[in-house]
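**Student:** below is the sequence, then the predicted model.
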Amino acid sequence: MSAATPEGWVAGARSTTATSGVAENAFFEYLLRLADDRLVLGHRLSEWCGHGPILEEDIALANIALDLIGQASMLLKLAGEVEGKGRTEDTLAYFRDTVEFRNVQLVEMPNGDFAATIVRQFLFDAWDVLVLEKLLGAKHESLAGIAAKAHKEAKYHLRHSAEWVRMLGDGTAESHARAQRALDELWPYSTELFLTDDTDRAAVAAGNGVDVEPLRGPWRQTMDRVFAEATLTVPKDGFTPRGGRTGRHTEHLGRMLADMQSLARAHPGASW
Amino acid sequence: MDQKMSAAAGADDAARVAEFEARIARGESIEPKDWMPDRYRRQLTRMMSQHAHSEIVGMLPEGNWITRAPSLRRKMVLLAKVQDEAGHGLYIYCGTETLGVGREELVDQLLTGKAKYSSIFNYPTLTWADIGVIGWFVDGAAIVNQTMLAKASFGPYARAMVRICKEENFHKKQGYESVATLAAGTPEQKAMVQDAVNRWWWPSLMMFGPSDKDSPNSAELMRWRVKRDTNDTLRQRFVDLTVPQARAVGLTLPDPDLKYNEETSHWEFGEIDWKEFQEVISGNGPCNRERLAARRKAHDEGAWVREAAEAYAAKRQAVDAA
Amino acid sequence: MSDQTTTATPPNAAETQWDLWEVFTQEGEGAPHEHAGSVHATTAEHAMQNARDVYARRGKVVSLWVVPMASIVASAPSDAGPLFDPGNDKAYRHPQFYKTPRGVRGL
């Protein structure tokens, strides 16, 4: 549970391809992507605690946040071991700068209203279930183990967010308007979920990654089906923001991390 | 009703009250559908709703530090604890509903300032150390109170308390563990936790309520087995438990009059500032306004969500019925 | 004179806190479903999810039932006597009433 930084390691050191093995580094980078998606999204959900629209949802959102942060913690721990420089899940979570985070931009979007939170969650959950299903067969045992637990949780998350998309889309005129507005604003950020680059390809080649392009079809089917049930209109594809996977984030992430990391960074080396 | 009839009715009532109190004296559980004196129903509703409100408002001071928790483990532990508190409020509100009061009405009483909740949650959490100290002191005090309530005469309340006590186990432990870690940590951490202790000790003692001589309800509540021990007894129990715990981690309590009495085997402590307590419970504590404003905001901004779910369900029912 | 049975009475007041559902949990294979408490929800699916979040997140639960509160038919307390007569005077319901030869197996 210690967040102690190892001797000689400077807070904020960037990982480079020059000093470590390319394969290990690609796997390390890939794990960061999986982990950061969950850490950032879990953190966002935790911001709702005590402020939800009804007691039952305070509990539900906290459950999902706990699942995601738990998954992130396991993945960051594994990433640190793969990197081999002594970084723990805490040093990775609390002492990396914005440009070193590897989450997609979708998950760092602010919570907005409940509709925005639910739509953001739904877009992610439907993708997450598909990705984790593939990771069940990962060559690396620890990763496969994490995926097994996470997959069960993701199926539940999807059930929750899909049901809320339906309730809001086909609820009142106000909830429908809010849900449609959220969908219009967040839809462009879903494209990034299906982009691949060399890091992904290296992980796939090693049997530890998922080729996300073919997942677009089944994901889109879920989208179409649930949005139709919710009487919501799927926006046209157009603007396609990207860059989170290589550290090019929106300004939202920096502010979120300033909050999240402030205390840990104020006491570097301390145990909590 | 003419005099004869009302006299007869009065005699009936007296007989029913006597039988009711005999049931309680026999250790029986009173269930929602059983006959009960109006006053019992009202007292239970008041006690339970106050308790539930406390759980909900209590989410706020601790929730204040979830996003800044300094390690992933602490983040998850705190989030789980606050989530439990929501759950506890929910269990108790459901218990109150068995007495015929809807949750909406109770929420309304809280948000309009008509209902009370535990004074302790009107204090701000200024540092991370406050979180550990709250788990140690506030949950510690709650446990002293709740263990007694698990045997309360009203079935739904007692059952909610049993469930809560089971879940409460980790709350105090994780708080004390955090305090111990800080006390053994860097000089800044040690100073942080000692400062938190200095701010939370007296308000925690006030949680047990006024001194017995100033508690008019106590005797009746004890006869009805919704209160088993007096405020002063419970407060003393808490002090006796906690002083050694503070010493074990090298922390001092902000009371120069704290002294062990060999004869009584109790820790004697100084005078509580009851003026402060009165101010806080009448709405003038440091955070009363903020707490209620936060709950009001959540409630108001959540209205469209709650309505949407209702509307959706109504449409589904119409479809199913067709 | 009260009815023999009553449907559970829902609370009054304009409710935007959703309908009440009673929750029953089964903790382990073969165990009976026990009343755990209640949740507020709108549809059955919604109630199931809420019940799982509130009553089953500590993982010991293997099965959940949710029932709209209005669907529960409860005995009235005044029935407790006749409905639940302990039957101590109905000895023929208890195995000890019957004398059987010793040593005969399978009884």
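**Tutor:** Now that the structure is in, tell me what you want to look at. Residues are numbered from 1 along each chain as shown, chains lettered A, B, ... in the order given.

**Student:** can you pull the pLDDT of B:Ser153?
**Tutor:** With respect to pLDDT, B:Ser153 scores 95.

**Student:** tell me who's in contact with the spatially most central residue of chain A.
**Tutor:** Centroid check for chain A by Cα atoms, centre = their mean gives A:Asp37 as the closest residue, at 1.8 Å. Shown in contact with A:Asp37 (Cβ atoms under 8 Å, 6 or more residues apart in numbering or on different chains): A:103-104, A:107, A:124. Using the backbone N, CA and C atoms, a C-beta is placed for each residue, glycine as well.

**Student:** farthest pair in those?
**Tutor:** Greatest spatial distance in the contacts of A:Asp37: A:Asn103 and A:Phe124, 10.3 Å, computed using Cβ to Cβ.

**Student:** which neighbours do the two share?
**Tutor:** Both A:Asn103 and A:Phe124 are in contact with A:37, A:41, where contact means Cβ under 8 Å, 6+ apart.

**Student:** any weak-confidence spans in the chain?
**Tutor:** Here I'm looking at chain A. Along chain A, the parts satisfying pLDDT under 70 run over A:1-21.

**Student:** to clarify, I was referring to chain C.
**Tutor:** Within chain C, the segments meeting pLDDT under 70 span C:1-16, C:77-101, C:104, C:106-107.

**Student:** residues in contact with the longest helix belonging to it: which ones?
**Tutor:** Identified as the longest helix of chain C according to DSSP state H is helix C:44-55. Under the contact criterion Cβ under 8 Å, 6+ apart, helix C:44-55 has outside partners A:56, A:59-60, A:63, A:156, A:159-160, A:163, A:167, B:87, B:90, B:309, B:313, C:21, C:23, C:25, C:36-37, C:39-41, C:61, C:64, C:66, C:68.

**Student:** any of the residues you listed buried? List them.
**Tutor:** Among the contacts of helix C:44-55, those classed as buried by 16 or more other Cβ atoms under 10 Å in any protein chain shown are A:56, A:59-60, A:63, A:156, A:159-160, A:163, A:167, B:87, B:90, B:309, B:313, C:21, C:23, C:25, C:36-37, C:39-41, C:61, C:64, C:66.

**Student:** show me where chain B has strands.
**Tutor:** Ranges of strands within chain B are B:259-261, B:266-268, based on DSSP state E.

**Student:** do the same with chain C
**Tutor:** C:5-7, C:19-26, C:34-41, C:63-68, C:73-75.

**Student:** can you list the strands that the second one pairs with?
**Tutor:** When pairs are called by DSSP bridges, strand C:19-26 turns out to pair with strand C:34-41 (antiparallel), strand C:63-68 (antiparallel).

**Student:** out of those, the one nearest B:Glu97 is which?
**Tutor:** Closest of the strands paired with strand C:19-26 to B:Glu97 is strand C:34-41, at 7.3 Å (criterion: Cβ to Cβ).

**Student:** the closest one vs helix C:44-55, what angle?
**Tutor:** If you take axes from the mean of the first three to the mean of the last three Cα atoms, to 10 degrees, strand C:34-41 sits at 120 degrees to helix C:44-55.

**Student:** what about the residue nearest to the centre of chain A, which helix or strand?
**Tutor:** Using DSSP states H and E, A:Asp37 maps to helix A:22-46.

**Student:** residue in the stretch 1-150 of chain A nearest to chain B?
**Tutor:** In the stretch 1-150 of chain A, the residue that lies nearest chain B is A:Pro53 (2.7 Å; Cβ to the nearest Cβ).
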